[in-house]
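>>> I'd like to go over a predicted model; first the sequence, then the structure.
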Number of protein chains: 2
Amino acid sequence: MPALNAISTSLKVSKGETLFLEGDDARHAFNVVNGHLRLARVGIDGRRQVMGFVSTGDFVGHTRKEAYTISAEALTDVTVCRFDRGAFEDLLVRFPMFEREFHKLTAGMLDDMQDQLFTLGRKNALERVASFLLAFVERQEEIQCSGHELWLPMTRADIADFLGLTLETVSRAFSRLKNDGILEIEQAHTIRILDREGLTDLASGDAETV
Amino acid sequence: MPALNAISTSLKVSKGETLFLEGDDARHAFNVVNGHLRLARVGIDGRRQVMGFVSTGDFVGHTRKEAYTISAEALTDVTVCRFDRGAFEDLLVRFPMFEREFHKLTAGMLDDMQDQLFTLGRKNALERVASFLLAFVERQEEIQCSGHELWLPMTRADIADFLGLTLETVSRAFSRLKNDGILEIEQAHTIRILDREGLTDLASGDAETV
DNA sequence: CGGCAACTTGATTCTCTTCAAGGTTCGTGG
DNA sequence: CCACGAACCTTGAAGAGAATCAAGTTGCCG
């Protein structure tokens, strides 16, 4: 850990700025200290796929390739630790324990992505939004105890591009969840989960199709 | 490599049999020597998502979790090397070089899965099938030089569950590709790619929308 | 207070799914 | 060797769900 600190630089990124861009020379890796980022890839004709959202404690930016394959944009003001790529990989070599931990992290991401593949491949709009919200809550609870009320740092369009939907469809799904008594929507970005079990059932595609 | 051989057992699995099942105790990892396998997860209500297809040279079955999160079924007769999980992880610790290689492999899988997320999230049926075919060809070419003619070990239903479509839609996409002069379909499982550039354009969503 | 970006909601369109029928291939047993 | 059945594939027609198009509304920031 001290060795980790030795090669890292603290860095602040303001809301709306990009930490790195798809195609940039992948010279650094980052660890998020604080705030939220959106990871996305944009296709030739402008279609955007959001690959994920990251926040406190997550690693981003390390890749095998020369260039970043995705872009990372700050959804809020963000603080990150920046590592020189070479120094970071050096560190992995020098501390096998650390390398193992890091590998574990990567493997965990693989599992998450499998869940996401299932979501995109086999769930309908409502189930996708439910899955997203559930995953987001669970992630928040890892970081800090939150009392069922949560703040979403991303827009409906971000969620849509994450779930393979349009922003209108996402908005409709939120409204539906509200009307069904599963959510309470204070403001678009501040919601409260009223019926977590209902949300879980929806997310797993377990709900009796109403 | 000799150390690798020391802990491995050769194993044959017949077409249609499963190498391991979702939920099974994850006691082994495998390296495919020969043949094709389908990796899939099945949801509560029977919805199936095929996570990928693997063949010669691919590793499968290693996971952080106690149990396998997916099932692996043989699409053809298959030969694999089986490793005891503990011994395998032991090996990773003893040979850092090997661990690094393995990690590289995992990272490569992450990149592949990002492509797949984009495909499921943002491409239409025709583009998905084109992407699948292209990826399959490229994979085949890694293994062995093949002259544009290729044999698909999986059924239309397998492809459909991989791409988040129905088997009918996949079949229609194949027909469309045939009519557009991009493919030649000898038999359902034996096809020839006539217009690779056209296929590439379609796969990347680059095609002038006809 | 004004302007803009984001969100919601409605109407219409389009793609893919669902349902249905017929065709092909292949293996098995008579 | 041929007949038969099962599994798989193709194609068509109808229907559902999400996309698109189009207003309005809300809330935030200068």
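It's in. Numbering: from 1, shown residues only, chains lettered A, B, ... in the order given.

>>> what does the domain assignment say about chain A?
Listed domain ranges for chain A are A:2-115, A:123-203 (source: automatic domain parsing).

>>> show me where chain A dips below the pLDDT cut-off.
Along chain A, the parts satisfying pLDDT under 70 run over A:1, A:208-210.

>>> please, which helix or strand holds residue A:49?
strand A:48-54 (DSSP states H and E).

>>> any idea how far DNA strand D is from the spatially most central residue of chain A?
Nearest to the mean C-alpha position of chain A, counting by C-alpha atoms, centre = their mean, stands residue A:53 at 1.7 Å. According to C-beta to the nearest atom of the strand, to the nearest Å, residue A:53 and DNA strand D sit 19 Å apart. For every residue, glycine as well, the C-beta is placed using N, CA and C.

>>> so which of the domains of chain A gets nearest residue B:7?
domain A:2-115 (18.8 Å; C-beta to C-beta).

>>> what sits against residue A:194?
A:148, A:181-184 (C-beta atoms under 8 Å, 6 or more residues apart in numbering or on different chains).

>>> how far does the lengthiest helix in chain A sit from its chain's centre?
The longest helix of chain A (DSSP state H) is helix A:96-122. Here the centre of helix A:96-122 is set off from its chain's centre by 13 Å, with C-alpha atoms, centre = their mean, to the nearest Å.

>>> next: stretch A:15-22.
Per C-alpha atoms, centre = their mean, the centroid offset for stretch A:15-22 relative to its chain is 14 Å.

>>> now swap in stretch A:53-64 and tell me
9 Å.

>>> just stretch A:29-49 next, same as before
9 Å.

>>> residue A:161 falls within a helix, correct?
Yes. Under DSSP: H, G, I helix; E, B strand; the rest coil, residue A:161 falls within a helix.

>>> quick check: it vs residue A:96, distance?
38 Å (C-beta to C-beta, to the nearest Å).

>>> kindly report the same for residue A:133.
38 Å.

>>> what residues does chain A have near DNA strand D?
A:124-126, A:164-166, A:168-169, A:187-188 (C-beta under 7 Å from any atom of the strand).

>>> restricted to buried residues, select those in ChimeraX.
A single ChimeraX command selects the buried members of the residues of chain A next to DNA strand D (16 or more other C-beta atoms under 10 Å in any protein chain shown):
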select /A:125,126,164,165,169
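
>>> I'd like to know which of the residues of chain A next to DNA strand D is nearest to residue A:113.
residue A:164 (13.9 Å).

>>> find the nearest non-adjacent residue to that closest one, please.
Spatially, and ignoring its direct neighbours in sequence, residue A:164 is nearest to residue B:121 (3.3 Å; C-beta to C-beta, 6 or more residues apart in numbering or on different chains).

>>> which ones are touching that neighbour?
Contacts for residue B:121 (C-beta under 8 Å, 6+ apart) come out as A:49, A:120, A:161-164.

>>> most widely separated two among those?
A:120 and A:161 (11.4 Å).
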